[in-house]
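Undergrad: sequence unavailable; structure follows:
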C-alpha cells in the first residue's frame with residue numbers, strides 16, 4: 001500500500017500514471033433500528049452513522065477524489081424515515097456542488113422484496129445528484145471523463161428475488177475506456193474471505209473465477225468487515241465494510257472506507273473512522289457464591305463507561321434464590337447513566353444440576369430459520385424434496401429479512 005495521494009499532488013499523480021482516484025464506501029445503514037430499550041440511545045446510535053458518513057463526505061470535499069462510490073445498503077430499511085432521506089440528499093448535494101460524481105447501487109436492505117417500485121436511493125438520481133444503478137438483473141454502465149482520461153463504472157443492485165443468486169451470472173458489458181470499476185453488493189467466496197456475520201456468505205455469492213479479468217477494481221459492499229484481495233491476472237477487490245460497529249461479532253473490527261487509486265495498477269488505502277466501543281466480559285458464578293447480584297454490580301461498576309456498549313456473560317452455576325434476585329431490567333436501569341448500554345447474557349448460567357436456566361436468542365430469527373431448513377436439506381436424500389425445501393428457505397428468508 002502506498003501513501004494516499006492528496007488533491008495538491010494530483011498533477012504529480014498524473015505524471016507517474018496514477019490518474020484516477022475514488023472514495024469507496026458501503027453499508028451506511030442509515031436509519032437503523034438498533035433495538036435498544038431507550039429512545040435517546042437509539043437516536044445517539046443513529047447519529048453515530050450520520051456523523052461517520054459526514055466524515056467521509058468532509059474527507060471527499062477536502063481531498064477531491066474523481067469519483068465517490070457507495071456500494072449498497074445506504075439505508076437500513078426499504079422505507080427509511082424522512083430524516084434519513086433528507087440527510088443523504090443534502091450530503092449528495094454537497095458532493096454534486098463540489099463536482100464529485102457519486103455512483104450508488106442498492107443493497108439487500110435497500111431493495112423492496114414483496115412489492116414493485118423504486119428504491120428510496122433512487123431519489124438521488126431523480127434529483128440529479130447521483131448516478132444510481134437500480135437494476136438487479138442487468139448491469140448498467142456510465143463513462144466518466146477525468147482530465148484526459150476516461151473511466152467506465154459498471155454496477156448492479158442486489159438481487160433480492162433469490163438470495164443465492166450469483167450476481168455475475170450475467171456478464172457485465174465490455175468496458176469502453178482505458179480504466180474500469182465494477183460495483184456489486186454481494187459475497188466473495190473463497191480467497192480466505194470470512195464475513196463477521198456468517199449468514200452473509202450465502203447472499204448473492206460469487207467466486208473469484210466469475211470476476212471479469214478486464215476490470216481494474218471490483219468495488220464491493222455487503223460484508224461488514226473490510227478486506228482486500230488481488231485476483232490473479234485480474235482486478236483488485238476491495239470491500240470497505242460497514243461505517244460503524246453493529247453486532248458483537250464486529251466488536252474488534254476497525255471501521256472506515258477506502259481511498260482508491262487507479263492507473264497502471266490499482267491500490268487502496270483504508271481510512272479509519274471512529275466507532276462505538278463494544279466490550280464483552282465474562283463473570284464466573286459458583287453455587288457457593290452468595291449475594292450474586294451485589295457482587296455482579298460491583299464488577300460491572302469497574303467495567304462501565306458512559307460511551308461503551310457492554311455485554312456481560314454469566315458462566316457457571318447458581319441457586320434458584322440467587323438467580324431470581326438478578327432481575328436484569330433493574331440492572332439495566334441502574335447502569336443507565338454509567339454505561340451507553342448494558343446486556344446481561346445468561347445463556348450459560350445453570351441452576352445447580354438442572355442445566356441452562358433460559359435459552360438466550362444468540363442468533364437472529366433469520367439465521368435460526370435458515371440453519372433449521374439447511375439441517376433438513378442436509379438430512380434429505382430425495383432431490384425433489386430438497387428442491388422444495390430450498391424454495392421454502394428462499395421464500396421464508398425474504399419475509400424474515402424484510403421484518404428485521
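TA: Thanks, I have it. Please read these numbers as outputs of a predicted model, since none were measured by experiment.
Undergrad: only C-alpha atoms from now on, for both contacts and neighbour counts.
TA: Noted.
Undergrad: for this protein, give me the ranges with low pLDDT.
TA: 1-18, 115, 353-366, 392, 395-404 (pLDDT under 70).
Undergrad: can you list the domains in it?
TA: Annotated domains of the chain cover 7-273, 278-351, 365-403 [automatic domain parsing].
Undergrad: out of the ones you listed, which one sits most buried?
TA: Of all those, domain 7-273 has the most neighbours on average by mean count of other C-alpha atoms under 10 Å, namely a mean of 19.
Undergrad: what's the spacing between that one and its chain's center?
TA: 10 Å (C-alpha atoms, centre = their mean, to the nearest Å).
Undergrad: ok, now which ones touch the residue lying farthest from the centre of the chain?
TA: Here the centre of the chain is the reference, and by C-alpha atoms, centre = their mean the most remote residue is residue 288, at 44.0 Å. Applying C-alpha atoms under 8 Å, 6 or more residues apart in numbering, we find residue 288 in contact with residue 318.
Undergrad: element containing residue 45?
TA: helix 39-63 (DSSP states H and E).
Undergrad: could you pull out the strands for the stretch 1-150 of the chain?
TA: For the stretch 1-150 of the chain, applying DSSP state E, counting those that start in this stretch gives strands covering 20-25, 67-71, 102-105, 131-133, 140-146, 149-155.
Undergrad: how about the ones you listed, which one is nearest residue 277?
TA: The minimum distance between residue 277 and those falls on strand 20-25, with 20.9 Å, by C-alpha to C-alpha.
Undergrad: partner strands of the closest one, parallel or antiparallel?
TA: Using DSSP bridges, the strands paired with strand 20-25 are strand 67-71 (parallel), strand 255-262 (antiparallel).
Undergrad: what angle sits between that strand and strand 140-146?
TA: 130 degrees (axes from the mean of the first three to the mean of the last three C-alpha atoms, to 10 degrees).
Undergrad: who touches strand 20-25?
TA: Against strand 20-25 from outside (C-alpha under 8 Å, 6+ apart): 60, 65-71, 146, 219, 221, 240-243, 256-263.
Undergrad: bridging residues for residue 310?
TA: residue 279, residue 342.
Undergrad: and it, what does it touch?
TA: Contacts of residue 310 by C-alpha under 8 Å, 6+ apart are 278-281, 303-304, 339-343.
Undergrad: same thing with residue 225?
TA: 195-196, 239-242, 250, 253, 255.
Undergrad: equivalent analysis for residue 28, please.
TA: Contact partners of residue 28, counting by C-alpha under 8 Å, 6+ apart, are 49, 53, 72-76, 242-244.
Undergrad: try it again with 6 Å
TA: Neighbouring residues of residue 28 by C-alpha atoms under 6 Å, 6 or more residues apart in numbering: 74, 243.
Undergrad: how near is it to residue 181?
TA: 20 Å (C-alpha to C-alpha, to the nearest Å).
Undergrad: go on, residue 72?
TA: Taken as C-alpha to C-alpha, the span from residue 72 to residue 181 is 15 Å.
Undergrad: can you show me the strands along the stretch 201-350 of the chain?
TA: Using DSSP E, counting those that start in this stretch, strands in the stretch 201-350 of the chain cover 205-207, 217-221, 227-230, 236-239, 255-262, 266-273, 278-285, 309-318, 341-351.
Undergrad: and the ones you listed: which comes nearest residue 125?
TA: Of those, nearest to residue 125 by C-alpha to C-alpha is strand 217-221, at 19.7 Å.
Undergrad: and that closest one with strand 67-71, angle?
TA: Going by the same axes, to 10 degrees, strand 217-221 makes 50 degrees with strand 67-71.
Undergrad: dump the residue contacts of residue 311.
TA: Residues in contact with residue 311 (C-alpha under 6 Å, 6+ apart) are 280, 342-343.
Undergrad: redo that, cut-off 7 Å
TA: Contacts for residue 311 (C-alpha atoms under 7 Å, 6 or more residues apart in numbering) come out as 279-281, 342-344.
Undergrad: looking at those, which is nearest residue 40?
TA: Once C-alpha to C-alpha is applied, the member of these that ends up nearest residue 40 is residue 342, at 14.5 Å.
Undergrad: measure the closest one to residue 391 for me?
TA: For residue 342, the distance to residue 391 equals 39 Å [C-alpha to C-alpha].
Undergrad: same deal with residue 380?
TA: On the measure of C-alpha to C-alpha, residue 380 and residue 391 end up 14 Å apart.
Undergrad: hang on, the earlier thing: now the residue farthest from the centre of the chain: how far from residue 149?
TA: Distance, residue 288 to residue 149, by C-alpha to C-alpha: 74 Å.
Undergrad: now residue 64
TA: 16 Å.
Undergrad: ok, residue 160 next?
TA: Taking C-alpha to C-alpha, one finds residue 160 at 35 Å from residue 149.
Undergrad: for residue 83, same thing?
TA: 38 Å.
Undergrad: about what we covered before: in a markdown table: the strands of the stretch 1-150 of the chain, plus distance to residue 333.
TA: As requested, the strands of the stretch 1-150 of the chain are exported to a markdown table (distance: least, C-alpha to C-alpha, whole Å):
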| stretch | distance to residue 333 |
| --- | --- |
| strand 20-25 | 37 |
| strand 67-71 | 39 |
| strand 102-105 | 41 |
| strand 131-133 | 45 |
| strand 140-146 | 51 |
| strand 149-155 | 47 |
